[in-house]
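>>> Sharing a model prediction with you, sequence too.
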Amino acid sequence: MIVRRAYRYRLYPTRSQGVALEGVLARCRELYNAALEERQQAYKRLGLSISGAAQQRQLPAIKKTRQARPA
């Protein structure tokens, strides 16, 4: 029998930590939605299925591009 345990932790971030966490969450949400849209458009337009691994290989280039952009 497999016993699975889960632990929950309540965070109490400072105001500046909360702002930083919100920023990270926003970037993750943006990236996820962009990847989902890319998959949907590729399938609708070309009938292609893009794998998660293929999208992960694109991440370093995306990161470089985003870091080069002025804030």
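Received, thanks.
>>> all contacts plus neighbour counts: C-alpha atoms, from now on.
Noted.
>>> What segments of the chain are helices?
15-46, 52-68 (DSSP state H).
>>> And the contacts of the last one?
What that stands for is helix 52-68. Contact with helix 52-68 is made by residue 35, as judged by Cα atoms under 8 Å, 6 or more residues apart in numbering.
>>> switch the cut-off to 7 Å
For helix 52-68, contacts defined as Cα atoms under 7 Å, 6 or more residues apart in numbering pick out no residues.
>>> quick one, that helix and helix 15-46 angle?
Interaxial angle of helix 52-68 relative to helix 15-46 (axes from the mean of the first three to the mean of the last three Cα atoms, to 10 degrees): 130 degrees.
>>> could the helices of the chain go into TSV alongside distance to residue 7?
Formatted as TSV, the helices of the chain follow (distance: least, Cα to Cα, whole Å):
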stretch	distance to residue 7
helix 15-46	20
helix 52-68	28
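>>> Comparing the ones you listed by mean pLDDT, which bottoms out?
Lowest mean pLDDT within the helices of the chain: helix 52-68, a mean of 87.
>>> From the chain's centroid, how far away is it?
Mean C-alpha position of helix 52-68 versus that of the full chain (Cα atoms, centre = their mean, to the nearest Å) differs by 11 Å.
>>> got the CA positions of that helix in CSV?
C-alpha atoms of helix 52-68 as CSV (Å, rounded to 0.1, in the frame of the first residue of the first chain):
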residue,chain,number,x,y,z
GLY,A,52,6.1,20.1,-24.4
ALA,A,53,9.8,19.0,-24.9
ALA,A,54,10.0,21.0,-28.1
GLN,A,55,8.7,24.1,-26.3
GLN,A,56,11.1,23.6,-23.4
ARG,A,57,14.0,23.6,-25.9
GLN,A,58,12.9,27.1,-26.9
LEU,A,59,13.0,28.5,-23.4
PRO,A,60,16.7,29.5,-23.3
ALA,A,61,16.3,31.6,-26.5
ILE,A,62,13.1,33.2,-25.1
LYS,A,63,14.9,34.0,-21.9
LYS,A,64,17.7,35.7,-23.7
THR,A,65,15.3,37.7,-25.8
ARG,A,66,13.3,38.8,-22.8
GLN,A,67,16.4,39.8,-20.8
ALA,A,68,17.7,41.9,-23.8
